[in-house]
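Peer 1: Everything below, folded, please.
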Amino acid sequence: MNFQVTVLKILVSYPRGHASMADLKRDMAILATSGRDWAERTRRLAARVPDLDIFSQGLVERLDGGWRITDKGRAVLEIMEARSASGLPPAPEAVRESFGQTDGAPLALRNQRRQKRRRLRRAAAAKRTSSAQ
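Peer 2: Sure thing, here's the model as predicted:
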């Protein structure tokens, strides 16, 4: 199950897009135990928006002991669902525009950092494995 997509879906279902932490936890638990269909659906939706980060991209804000989906969050969720329903491949340029990132530089930088961390972890794991033998 993709946590961030699930949060967006839960919040959009509430009046004014705001839910308390207790409500979020309860709904999250229900969806997490609802079976494979939900997990597959959120995974497919998440694939439409690589590098989704609901807080740093301003899709969700913390407010009054809970979280609230922003207009930007609603727009991104609509894009994800529209692309998913049509069966078309993701449209990264449309998603980047909805985030206000037309050049993709912040996403590229984040990807470079992630790749570097992965290389370092792999090297450390290989070193541990070779020293253990």
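
Peer 1: In which helix or strand does Leu11 reside?
Peer 2: Assigned by DSSP states H and E, Leu11 falls within helix 3-12.

Peer 1: now that helix: mean pLDDT?
Peer 2: Helix 3-12 shows a mean pLDDT of 93.

Peer 1: what pLDDT, on average, does the helix or strand following that helix get?
Peer 2: Counting by DSSP H and E, the next helix or strand C-terminal to helix 3-12 is strand 18-20. Mean pLDDT, computed over strand 18-20, is 94.

Peer 1: Within its sheet, name the partner strands of strand 18-20 and how each one runs.
Peer 2: strand 66-69 (antiparallel) (DSSP bridges).

Peer 1: Using CSV, write down the CA coordinates of the partner strand.
Peer 2: Output in CSV follows, covering the C-alpha atoms of strand 66-69 (Å, rounded to 0.1, in the frame of the first residue of the first chain):
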residue,chain,number,x,y,z
GLY,A,66,-4.9,16.7,11.7
TRP,A,67,-4.1,17.0,8.1
ARG,A,68,-5.8,18.8,5.2
ILE,A,69,-5.5,18.2,1.5
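
Peer 1: Just the CA atoms of the helix or strand that that strand is followed by, as PDB, please.
Peer 2: Sequence order places helix 71-86 as the next helix or strand after strand 66-69, per DSSP H and E. In PDB, the C-alpha atoms belonging to helix 71-86 read as follows (Å, rounded to 0.1, in the frame of the first residue of the first chain):
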ATOM      1  CA  ASP A  71      -6.100  22.500  -3.800                       C
ATOM      2  CA  LYS A  72      -2.800  21.400  -5.300                       C
ATOM      3  CA  GLY A  73      -3.200  18.000  -3.700                       C
ATOM      4  CA  ARG A  74      -6.700  17.600  -5.200                       C
ATOM      5  CA  ALA A  75      -5.300  18.600  -8.600                       C
ATOM      6  CA  VAL A  76      -2.500  16.000  -8.400                       C
ATOM      7  CA  LEU A  77      -4.900  13.300  -7.200                       C
ATOM      8  CA  GLU A  78      -7.200  14.100 -10.100                       C
ATOM      9  CA  ILE A  79      -4.300  13.800 -12.600                       C
ATOM     10  CA  MET A  80      -3.300  10.500 -11.100                       C
ATOM     11  CA  GLU A  81      -6.800   9.100 -11.300                       C
ATOM     12  CA  ALA A  82      -7.600  10.500 -14.700                       C
ATOM     13  CA  ARG A  83      -4.400   8.900 -16.200                       C
ATOM     14  CA  SER A  84      -5.100   5.700 -14.400                       C
ATOM     15  CA  ALA A  85      -8.700   5.500 -15.600                       C
ATOM     16  CA  SER A  86      -7.800   6.200 -19.200                       C
END
